[in-house]
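Enquirer: Fold the following, please.
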Amino acid sequence: MPASSAPASGGTILDPLPAAVDAAERRDRLGKIATEIRRSVVEMIGRARLGHIGGDLSATDTLATLFFAVLKVDPGAPTDPNRDRLILSKGHCSAALYSTLSLRGFFPTGDLATFMQPLSALNGHPNRRKVPGVEANTGPLGHGLPIGVGSAIAAKLSGADWRTFVVLGDGELQEGSNWEAAMCAGHRALDSLTAIVDRNRLQQGARTEDTNRLDPLADKWRAFGWDAVECDGHDHQALFEAFTAPRSGKPVCVIANSIKGKGVSFIEDRVEWHHKVPSPEQVERALKELAR
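Expert: Alright, predicted model coming up:
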């Protein structure tokens, strides 16, 4: 896998994909990057004995595709006013975000070993004042999309061409603030805004459809004035095409159908792994599965 210089504290920075790469190579290279992120997540949570491994693993392919093939960002200038913005509204899945940011070069990968330690910048929920590449402090659910709407309004008022992407949990959509934000975005035709729903159909304690039914989800977004597309949330080329499709004058919701705990057989689609922590033996088993 292509790599650039290693940070002083150890680890490898991975290069983003060139725009001209063909679909087969894009899928292959993003798949390898996603596996690196997943392995990092397992190690971090296993070491810290804290985290939300199921949702981290379901959103990994979305984050890998965005940061390595879509987002206009520069790790050397993380506050460049012309950068694209990525807001992880499901902020409890910070391990996947930190792993992605570090592999992309925003901070040394060696810092991942401090995840959840006292006074570490890599807290359980991302903090924009402490971690380069983090756009918003998130954790309380239902906050990321309203922030993203404000970001997209700012871009429109200034005539800027940067884009805003917001990654949401599907259980998070039971928070009414998301639908107020969606209504505002549709009304203002914020076509620089893309919401991505990590549609793994599980939340803390139960399935989403048993807790508060969301389907027909795409129709709900369309009713609020959005374009809505559904794709396989683990198919990097499908995600890439959804994120880079021509603008239509409306905000876009990408419903990324995913599997909670993707990549680790004993975690996949099991509700208890929302915030269960793997034992050392389970960490070893997971890493072996992810090495295939």
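Enquirer: show me the contacts for the spatially most central residue of the chain.
Expert: In the chain, the centroid-proximal residue (Cα atoms, centre = their mean) is residue 63; its distance is 4.1 Å. Applying Cβ atoms under 8 Å, 6 or more residues apart in numbering to residue 63 gives the contacts 37, 88, 96, 97, 100, 167. (Each C-beta comes from the backbone N, C-alpha and C, glycine too.)
Enquirer: Show only the entries of the residues you listed found in strands.
Expert: Taking DSSP state E, the ones among those that sit in strands are 88, 167.
Enquirer: any idea how far the closest residue in space to residue 290 that isn't next to it in sequence lies from residue 170?
Expert: Leaving aside its chain neighbours, residue 290 sits nearest to residue 39 (5.0 Å; criterion: Cβ to Cβ, 6 or more residues apart in numbering). Distance from residue 39 to residue 170, counting by Cβ to Cβ, to the nearest Å: 25 Å.
Enquirer: Looking at these two, which is more packed in?
Expert: Of the pair residue 39 and residue 170, residue 170 is the one with more neighbours under other Cβ atoms under 10 Å, namely 26 against 17.
Enquirer: Just the pLDDT for residue 62.
Expert: Per-residue confidence (pLDDT) for residue 62: 98.
Enquirer: Help me confirm that it comes into contact with residue 167.
Expert: Yes - the pair residue 62 / residue 167 is scored as a contact, 6.1 Å apart, by Cβ atoms under 8 Å.
Enquirer: hey, what's in contact with both of these two?
Expert: Common neighbours of residue 62 and residue 167 (Cβ under 8 Å, 6+ apart) are 196, 198.
Enquirer: just to revisit the earlier point, what is the nearest of the contacts of residue 63 to residue 263?
Expert: Distance to residue 263 across the contacts of residue 63 (Cβ to Cβ) is lowest for residue 37, with 9.7 Å.
Enquirer: Identify the residues contacting the closest one.
Expert: 60, 63, 64, 96, 99, 100, 103.
Enquirer: I'd say residue 46 and residue 281 touch.
Expert: No - Residue 46 is beyond contact range of residue 281, at 10.0 Å (criterion: Cβ under 8 Å).
Enquirer: Compare those two (neighbour count), which wins?
Expert: residue 46 (19 against 8).
Enquirer: which residues touch the more buried one?
Expert: For residue 46, the contacting residues are 277, 278, 280, 282, 283, by Cβ under 8 Å, 6+ apart.
Enquirer: Any chance of the contacts of residue 37 in a markdown table with distance to residue 21 as columns?
Expert: Below are these laid out as a markdown table (distance: Cβ to Cβ, whole Å):
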| residue | distance to residue 21 |
| --- | --- |
| 60 | 20 |
| 63 | 18 |
| 64 | 14 |
| 96 | 23 |
| 99 | 22 |
| 100 | 19 |
| 103 | 18 |
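Enquirer: Which member of those residues is positioned nearest residue 201?
Expert: Distances from residue 201 to these, taken as Cβ to Cβ, are shortest for residue 60 (16.7 Å).
Enquirer: Assign a three-state SS to residue 116, would you?
Expert: Per DSSP: H, G, I helix; E, B strand; the rest coil, the local secondary structure of residue 116 is coil.
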